[in-house]
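In: Sequence first, then the predicted structure:
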There are 2 protein chains.
Amino acid sequence: MTARIDAQVAFLNEADRLKSITRATPLCDASRYENSAEHSWQIALYALVLGEHADPQVRIDRVIRMLLIHDIVEIDAGDAPVFGEHDASAMAAREEAAAKRLFGLLPEDQAAELIALWREFEANETPDAQFAKSIDRFQTPNQNMAAGGGSWRDYNVSFDTFLARVGSKVANGAPKLWHWLEPRARRWFDTHSEDARKGG
Amino acid sequence: MTARIDAQVAFLNEADRLKSITRATPLCDASRYENSAEHSWQIALYALVLGEHADPQVRIDRVIRMLLIHDIVEIDAGDAPVFGEHDASAMAAREEAAAKRLFGLLPEDQAAELIALWREFEANETPDAQFAKSIDRFQTPNQNMAAGGGSWRDYNVSFDTFLARVGSKVANGAPKLWHWLEPRARRWFDTHSEDARKGG
């Protein structure tokens, strides 16, 4: 048992580095950008609070577990901002290697379990993964609207780009949340139309 | 449903302020102090990874939910460092008021549910709460040892003070984790005995 806890604590200490990975999304008070560790906390809390709007077959506790581990690969692979440009297949390869190294610090059985859970999230095919992915995408617009634009301003995002990269994902796994978000985001882009015209 | 999501997002945006509450514990690389939001993520991850060492009756997914919400009261009440001095009953009153205001932003049924879960954690009587509290206390020594002393140095903590304020809690809810931690912490205090003599 000692060897198992040694490995588990080594993993948890390495996971600590997620607190130093900066995201493109600001805090609600716009005082700074959030990091991927506190983001992971917040979306797990989103899932806990908003779980009632998921399809009944979704297992919220499993979604929470997925969201707690979903960004750990960024410790090695970095964060790829949703409105930035990047080579998706190169990024996927970096993240796969990162998952093997980072979860690989755990005892073998547990590493396999968490790599499988992370891959399920990434594949975005099961109801649990689709709801988890929707929650991950649903948080950013709320932060941006509270902060006066956030990554929408920084990346000169148009409403069409927002629909394609964020809206489609939220609508796919959490249509009730998208029904709530869509008019609010549309209103934001309408009232900031000059910014919107600059983008997309 | 729209009114429920309005209230839920208002709560989640207010909860965002937990990212600005600074704790007495450093990151493992000692680059800065951690905040209570990223701490909440990490101990939820601790529970996920270390759940196998809990008593079989402990429901880990419920522990994770408790840990995700356990520090939200700090938004109004502030963080009380475990090695600092504070008026425990005044702090408890501030936290109770904070729980009512903050969780009170949610729809009434959900507010009641989360206040009850938070009070269960604070009371530290059920097996779920005892394991959650142990995990919360188990993280700090690991961060301190990785960071070269952390809050143990800042507060000139002795091994006896550590045993009383941290060890007793870990041993109570997670004896297997305490069995692992105790010799490692003892070794740290032994090899930093000059600091230890200064404290306690």
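Out: Nice, I can see it.

In: And for A:Tyr46, nearest residue in space, chain neighbours not counted?
Out: A:Ile135 (5.0 Å; Cβ to Cβ, 6 or more residues apart in numbering or on different chains). (Glycine included, C-beta is placed from N, CA and C.)

In: Tell me which helix or strand that neighbour sits in.
Out: Using DSSP states H and E, A:Ile135 sits in helix A:127-147.

In: wait, does the following helix or strand past that helix make contact with chain B?
Out: Following helix A:127-147 in sequence order, the next helix or strand is helix A:150-154 (DSSP H and E). No - Helix A:150-154 lies apart from chain B when judged by Cβ under 8 Å from any Cβ of the partner chain; the minimum separation is 12.0 Å.

In: so after helix A:150-154, what's the next helix or strand?
Out: Next along from helix A:150-154, by DSSP H and E: helix A:159-162.

In: Any buried residues in that following helix, and which?
Out: Neighbour counts over helix A:159-162 (16 or more other Cβ atoms under 10 Å in any protein chain shown) mark A:159, A:161-162 as buried.

In: all strands for chain A, in order.
Out: Counting by DSSP state E, chain A has strands at residues A:22-26, A:33-35.

In: of those strands, which approaches B:Glu85 most closely?
Out: The closest of the strands of chain A to B:Glu85 is strand A:33-35. By Cβ to Cβ, the value is 30.8 Å.

In: these two touch, right, A:Lys169 and A:Ala132?
Out: No - with contact defined as Cβ atoms under 8 Å, A:Lys169 does not count as touching A:Ala132 (10.6 Å).

In: Between the two, tell me which one has more neighbours.
Out: Between A:Lys169 and A:Ala132, A:Ala132 has the larger neighbour count (other Cβ atoms under 10 Å in any protein chain shown), namely 30 against 20.

In: How about the contacts made by that one?
Out: The neighbourhood of A:Ala132, defined by Cβ atoms under 8 Å, 6 or more residues apart in numbering or on different chains, consists of A:47, A:63, A:66-67, A:70, A:121, A:173.

In: same deal with A:Gln139?
Out: A:25, A:39, A:42-43, A:46, B:12.

In: Mind checking which of these land in helices?
Out: For those, the ones inside helices are A:39, A:42-43, A:46, B:12, with DSSP state H as the criterion.

In: Low-confidence stretches in chain A?
Out: Within chain A, the ranges that satisfy pLDDT under 70 run A:193-200.

In: check contacts around the most centrally placed residue in it.
Out: Centroid-nearest residue in chain A, with Cα atoms, centre = their mean: A:Asp136, separated by 3.8 Å. Applying Cβ under 8 Å, 6+ apart to A:Asp136 gives the contacts A:43, A:67, A:70.

In: sorry, back to before: so the helix holding A:Ile135 versus strand A:22-26, what angle?
Out: 60 degrees (axes from the mean of the first three to the mean of the last three Cα atoms, to 10 degrees).

In: export helix A:127-147 as PDB, just CAs?
Out: Listed next in PDB are the C-alpha coordinates belonging to helix A:127-147 (Å, rounded to 0.1, in the frame of the first residue of the first chain):
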ATOM      1  CA  PRO A 127     -23.600  11.100 -23.300                       C
ATOM      2  CA  ASP A 128     -21.300  11.700 -20.200                       C
ATOM      3  CA  ALA A 129     -18.500  13.100 -22.400                       C
ATOM      4  CA  GLN A 130     -20.900  15.200 -24.400                       C
ATOM      5  CA  PHE A 131     -22.400  16.800 -21.300                       C
ATOM      6  CA  ALA A 132     -18.900  17.300 -19.800                       C
ATOM      7  CA  LYS A 133     -17.700  19.000 -23.000                       C
ATOM      8  CA  SER A 134     -20.700  21.200 -23.100                       C
ATOM      9  CA  ILE A 135     -20.100  22.400 -19.500                       C
ATOM     10  CA  ASP A 136     -16.500  23.100 -20.400                       C
ATOM     11  CA  ARG A 137     -17.600  25.300 -23.300                       C
ATOM     12  CA  PHE A 138     -20.600  26.800 -21.400                       C
ATOM     13  CA  GLN A 139     -18.400  28.400 -18.600                       C
ATOM     14  CA  THR A 140     -16.300  30.600 -20.900                       C
ATOM     15  CA  PRO A 141     -19.100  32.700 -22.400                       C
ATOM     16  CA  ASN A 142     -20.400  33.400 -18.800                       C
ATOM     17  CA  GLN A 143     -16.900  34.500 -17.700                       C
ATOM     18  CA  ASN A 144     -16.500  36.700 -20.900                       C
ATOM     19  CA  MET A 145     -19.900  38.400 -20.500                       C
ATOM     20  CA  ALA A 146     -19.200  39.100 -16.800                       C
ATOM     21  CA  ALA A 147     -15.700  40.400 -17.600                       C
END
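
In: buried residues in that helix?
Out: So helix A:127-147, judged by 16+ other Cβ under 10 Å, has buried residues A:127-147.

In: cool, stretch A:148-166 as well?
Out: Burial within stretch A:148-166, assessed by neighbour count using 16+ other Cβ under 10 Å, is assigned to A:149-155, A:157-159, A:161-163, A:166.

In: cool, stretch A:26-44 as well?
Out: Quick answer for stretch A:26-44 (16+ other Cβ under 10 Å): A:26-28, A:33-44.

In: before we move on, back to that, run a quick check on the residue nearest to A:Tyr46 versus A:Leu67, I expect a contact.
Out: Yes - using Cβ under 8 Å, A:Ile135 is in contact with A:Leu67, at 6.6 Å.

In: Quick check: neighbours shared by those two?
Out: Between them, A:Ile135 and A:Leu67 share these contacting residues under Cβ under 8 Å, 6+ apart: A:43, A:47.

In: residues contacting A:Met91?
Out: A:77, A:80.
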